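>>> sequence and predicted structure, then a few things I'm wondering about:
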Number of protein chains: 2
Amino acid sequence: MRPISRRECMNLDLDGLRQAKTPLEFLRDAKPIIDSALSTAIARLPTWAAAEQIPSIIRYATFAGDGGKRIRPALTLLTARCCGTPLEDVIDCAAAIELIHTYTLIIDDIQDGDEIRRGEPTTHIKFGLNLSLLAANVLLIEATSLLQEKLRIPAFLLREILHKLHAGQEADIESANWPLSKRTQDSLEFVFSGKTGALFGLSCVSGLGAQDHGEETLMDLINIGSEMGILFQAADDLLEAIGDSNQTGKPVGKDRAQKLTFMSFFANPNDARDEIQRRKGVLAMKIRARLPGEGADFLIEFLEALVDRSK
Amino acid sequence: MRPISRRECMNLDLDGLRQAKTPLEFLRDAKPIIDSALSTAIARLPTWAAAEQIPSIIRYATFAGDGGKRIRPALTLLTARCCGTPLEDVIDCAAAIELIHTYTLIIDDIQDGDEIRRGEPTTHIKFGLNLSLLAANVLLIEATSLLQEKLRIPAFLLREILHKLHAGQEADIESANWPLSKRTQDSLEFVFSGKTGALFGLSCVSGLGAQDHGEETLMDLINIGSEMGILFQAADDLLEAIGDSNQTGKPVGKDRAQKLTFMSFFANPNDARDEIQRRKGVLAMKIRARLPGEGADFLIEFLEALVDRSK
């Protein structure tokens, strides 16, 4: 029996993606395709005999603990399907976005001193700070290079998104020390829109592919993705608050006085849930205004799966 | 008396640069111009009310202790003068290259645990690891974005240069633990060509500006700059070895058994000096083969100033 070529294999998989009926089916079918594109991207990194560890470290950071759900690159593929962009055209972009996400995870774990991620030692625990920093920065270089090669998103937009991502990280780090006057919902919105929204926005707009769309369309897709990221993060805070309450019996948020979370602005989880639902409804209308009918429906279902998840 | 506009000021300064008679005069006159371009570049960084520290940290990292000699951006300006590129066209690139250099210094100091640079606290000592990492990464993003906007160096070459820079860093970190079989002159050459040569190569080729030169010309300028960087680094090792010997009276290199340096391969400083001079002569011939007569002479004088320096 002759082996199936990579091209055929990809075609088969992509057909599955085009036919997936629910967002969860889509996520499940997208993961092996994304993982394969990630492997290809990592294999493209230059190697030298005297410096061969960086690609292995990147591979570890990307695949340890089964690599997570790949939500951001799946959003790229899903947006592509919803907009009618050939999936083949955006797979490398999707991989590049996950590489940026991996970069942020390495840096996050260093900053937070976290030792475990996805059930495995974090990258800096496994390989030490010095090599992990190099690996993170090589990820950033390779991912932006890939995005610029494959995507025709204007350079100034990519620059703005990456800067915003880092500004969100800065605000997140500093928020624990903010005075009361700065602990506002606007500030938290900024943190979310930077640390989560920026990359979700890039994921979404990347689904348009390299064809020439007007700047207005690009901005709309960035904003849709960004709001999706903000709600994803808000749902995270809500789930964590509920989890805390269930598991510890302590009043919700009691031992988190310092950290600013979505829950800081609501008297109880129900109020927070209502606000998330309200914003989800507004976002759904924005999606319908921008995308064709069936595409809009499927993207909204994906949004619901992200926001209404129970874990 | 009306104030002099920035434009006039730049023009005056650039005339000085065009007329500087010696490389040291050129370096001296280039520094305030480069510093002004760096200030402009840093002022262009986006800021947000909730995250305003990154630009200040970048400014500190760039200007603390008077900011150093700015050799790399000066090489860009000097190559531009030697090739007949209008200096105005490459000033922003020169600044971007110094921003990449600043990025490597922040990361280097973290990796080496250094607490003082240019007589001032290193960035991570002054601002902490977490914010310094963000500042370093924002530098990388902004610098590559500036280079792509202003320079028409093909994306694949920029990618290759940045990857090589990081591979050199990796090899430098690991070289202390290399087995004897790996402690070869080739390996050291790789470290030098990565951690110093890559950015010198980019500095040199950036002097061509954004006009369309063939790939052969680009590669030649990259190689000339890279070899210049390697000799700059070799001269550094030689000076350090001589300095050690003078200051401590210990046999040269005695307490540096672990670290691989240029001196590791020579019985005494004179042999090392001869080898540097030999390579300098070969490089001078390459420069003459590529650049117009007067330009070649001036670039070779700059090379001599870098390599034959006594401190």
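The structure has been received and is ready for your questions. Numbering: from 1, shown residues only, chains lettered A, B, ... in the order given.

>>> run the chain-centre distance for stretch A:153-167.
Distance, stretch centre to chain centre, for stretch A:153-167: 15 Å (C-alpha atoms, centre = their mean, to the nearest Å).

>>> so it, near chain B or not?
Yes - Stretch A:153-167 is in contact with chain B by C-beta under 8 Å from any C-beta of the partner chain, via A:155, A:158, A:159, A:160, A:162, A:163, A:164, A:166, A:167. (Glycine included, C-beta is placed from N, CA and C.)

>>> can you give me the buried ones in that stretch?
A:153, A:157, A:158, A:159, A:160, A:161, A:162, A:163, A:164, A:165, A:166, A:167 (16 or more other C-beta atoms under 10 Å in any protein chain shown).

>>> distance to residue B:142 added to the residues of stretch A:153-167 next to chain B, as JSON lines?
Shown next, in JSON lines, are the residues of stretch A:153-167 next to chain B (distance: C-beta to C-beta, whole Å):
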{"residue": "A:155", "distance to residue B:142": "12"}
{"residue": "A:158", "distance to residue B:142": "12"}
{"residue": "A:159", "distance to residue B:142": "7"}
{"residue": "A:160", "distance to residue B:142": "11"}
{"residue": "A:162", "distance to residue B:142": "9"}
{"residue": "A:163", "distance to residue B:142": "8"}
{"residue": "A:164", "distance to residue B:142": "13"}
{"residue": "A:166", "distance to residue B:142": "10"}
{"residue": "A:167", "distance to residue B:142": "12"}
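
>>> closest to residue B:143 among the residues you listed?
Checking the residues of stretch A:153-167 next to chain B against residue B:143 by C-beta to C-beta gives residue A:159 as the nearest, at 10.9 Å.

>>> now stretch A:128-135: average pLDDT?
In this model, stretch A:128-135 has a mean pLDDT of 98.

>>> ok, stretch A:186-205 next?
Mean predicted confidence for stretch A:186-205 is 96.

>>> check stretch A:98-118 too.
pLDDT averaged over stretch A:98-118 gives 97.

>>> please apply the same query to stretch A:297-311.
Averaging pLDDT along stretch A:297-311 gives 93.

>>> in it, which residues are buried?
Within stretch A:297-311, the residues that count as buried by 16+ other C-beta under 10 Å are A:298, A:299, A:300, A:301, A:302, A:303, A:306, A:307.

>>> quick check: closest non-adjacent residue to the residue most central in space within chain A.
In chain A, the residue lying closest to the centroid (C-alpha atoms, centre = their mean) is residue A:72, at 3.7 Å. Take residue A:72 and drop its neighbours on the chain: the residue closest to it by C-beta to C-beta, 6 or more residues apart in numbering or on different chains is residue A:203, 4.4 Å away.

>>> show me what the host helix or strand of that neighbour is packed up against.
Secondary structure assigned from DSSP states H and E places residue A:203 in helix A:198-206. In terms of contacts (3 or more C-beta pairs under 8 Å, 6 or more residues apart in numbering or on different chains; DSSP states H and E), helix A:198-206 is packed against helix A:71-83, helix A:91-112, helix A:155-175, helix A:215-248.

>>> where does the prediction get shaky in the stretch 201-311 of chain A?
Across the stretch 201-311 of chain A, residues meeting the criterion (pLDDT under 70) sit at A:244-258.

>>> cutoff 80 now
A:243-259, A:311 (pLDDT under 80).

>>> in it, what residue is nearest chain B?
residue A:260 (10.6 Å; C-beta to the nearest C-beta).

>>> what about that residue, how many neighbours?
Look at residue A:260: counted by other C-beta atoms under 10 Å in any protein chain shown, it has 22 neighbours.

>>> in three-state terms, label it for me.
With DSSP: H, G, I helix; E, B strand; the rest coil as the basis, residue A:260 sits in coil.

>>> quick check, it in contact with residue A:177.
No - using C-beta atoms under 8 Å as the test, residue A:260 is too far from residue A:177 to be in contact (10.5 Å).

>>> of the buried residues of stretch A:297-311, which belong to strands?
Among these, no member falls in strands (DSSP state E).

>>> now, among those residues, which is nearest to residue B:213?
residue A:299 (45.8 Å).

>>> let me see the contact set for that closest one.
For residue A:299, the contacting residues are A:78, A:79, A:82, A:224, A:287, A:291, by C-beta atoms under 8 Å, 6 or more residues apart in numbering or on different chains.

>>> ok, the third one - contacts?
What that stands for is residue A:82. Residues in contact with residue A:82 (C-beta under 8 Å, 6+ apart) are A:207, A:291, A:292, A:294, A:295, A:296, A:298, A:299.

>>> which of those are buried?
Buried among those (16+ other C-beta under 10 Å): A:207, A:291, A:295, A:296, A:298, A:299.

>>> just these: which are in helices?
Using DSSP state H, the subset of the buried ones among the contacts of residue A:82 located in helices is A:295, A:296, A:298, A:299.

>>> quick one, domains of chain A?
When chain A is parsed with automatic domain parsing, its domains come out as A:13-151, A:152-311.

>>> what's the closest non-adjacent residue to residue A:225?
Nearest residue to residue A:225, sequence neighbours excluded (C-beta to C-beta, 6+ apart): residue A:204, at 2.7 Å.

>>> contact partners for the one you found?
Here residue A:204 is in contact with A:75, A:76, A:79, A:221, A:222, A:224, A:225, A:226, A:228 (C-beta under 8 Å, 6+ apart).

>>> what's the farthest-apart pair in these?
So, the contacts of residue A:204 by C-beta to C-beta: farthest apart are A:76 and A:226, at 14.1 Å.
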